[in-house]
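Novice: Have a look at this fold, sequence not included:
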């Protein structure tokens with residue numbers, strides 16, 4: 001069972017990968033050497049081509065132009081959207097066909113979809129809500145209590161009850177006869193955020 005805090009939903013999934021990358025010094029040197037090599041090769045080709053047609057241009061202007069083109073290429077490569085889904089792969093719900101799948105890199109959208117579908121599915125069904133959503137909300141409450149106060153509802157029920165407040169404690173421990181309205185659910189989440 002995976003437990004995720006509310007704070008984790010807004011963090012980027014790419015942060016741990018940066019820790020595994022090679023040391024910054026070696027990576028920068030490698031990028032610099034590659035850039036210099038590519039710049040020199042392109043500059044030689046451009047100078048030879050210009051001389052072949054009888055034109056003379058300052059070497060520094062050519063080098064500056066090549067570096068500018070490489071910089072623009074690098075920026076545009078960093079800003080390109082992810083590739084479209086493979087044929088046969090199902091596009092996520094809410095995506096229109098023929099558009100980029102922006103949701104594939106959006107951790108917040110993934111987290112929202114992880115709650116939106118079960119909430120929609122549990123719409124007016126108390127049993128589904130009690131089986132699917134209530135345990136998730138309890139996990140969120142326990143995680144917030146653990147991160148902020150070093151306890152869970154099970155380890156120190158009296159203190160957890162005080163920290164959660166009576167309405168939230170009652171909601172999590174004694175399910176109601178009907179699923180909460182969107183307004184009630186928003187109030188519950190706001191109380192969880194206050195922890």
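Specialist: Nice, thanks for sending it over. It should be emphasised that the depicted structure is a prediction, and the values quoted were computed from it without experimental measurement.
Novice: Against residue 155, how distant is residue 163?
Specialist: With distances taken as C-beta to C-beta, to the nearest Å, residue 163 is found 12 Å from residue 155. All C-beta atoms are positioned from the backbone trio N, CA, C, and that covers glycine.
Novice: So for residue 180, what's the pLDDT?
Specialist: At residue 180, the model reports a pLDDT of 74.
Novice: Dihedrals phi and psi, it?
Specialist: Phi and psi for residue 180, reported as degrees, to the nearest 10, are phi -70, psi 150.
Novice: and the nearest residue to it once chain neighbours are set aside, how many residues sit next to it?
Specialist: Distances taken as C-beta to C-beta, 6 or more residues apart in numbering place residue 188 nearest to residue 180, at 6.7 Å, with adjacent residues excluded. Applying other C-beta atoms under 10 Å, we find 18 residues neighbouring residue 188.
Novice: Quick check: buried residues in the helix or strand containing residue 136?
Specialist: Element membership of residue 136, judged by DSSP states H and E, is helix 134-149. Judged by neighbour count (16 or more other C-beta atoms under 10 Å), helix 134-149 contains these buried residues: 134, 137, 138, 139, 140, 141, 142, 143, 144, 145.
Novice: Flag the helix or strand of this protein with the lowest per-element mean pLDDT.
Specialist: Sorting the helices and strands of the chain by mean pLDDT, DSSP states H and E puts helix 15-20 at the bottom, at a mean of 48.
Novice: Under a three-state scheme, what state does residue 151 occupy?
Specialist: Following DSSP: H, G, I helix; E, B strand; the rest coil, we place residue 151 in the coil state.
Novice: With residue 168 instead?
Specialist: Taking three-state DSSP, the label given to residue 168 is helix.
Novice: Nearest residue to it in space, please, no chain neighbours.
Specialist: residue 191 (4.7 Å).
Novice: Now that neighbour. Its backbone dihedrals?
Specialist: Per-residue torsions, residue 191: phi -60, psi -40 (degrees, to the nearest 10).
Novice: how much space is there between it and residue 144?
Specialist: Taking C-beta to C-beta as the measure, residue 191 falls 10 Å from residue 144.
Novice: Please apply the same query to residue 66.
Specialist: Per C-beta to C-beta, residue 66 is found 53 Å from residue 144.
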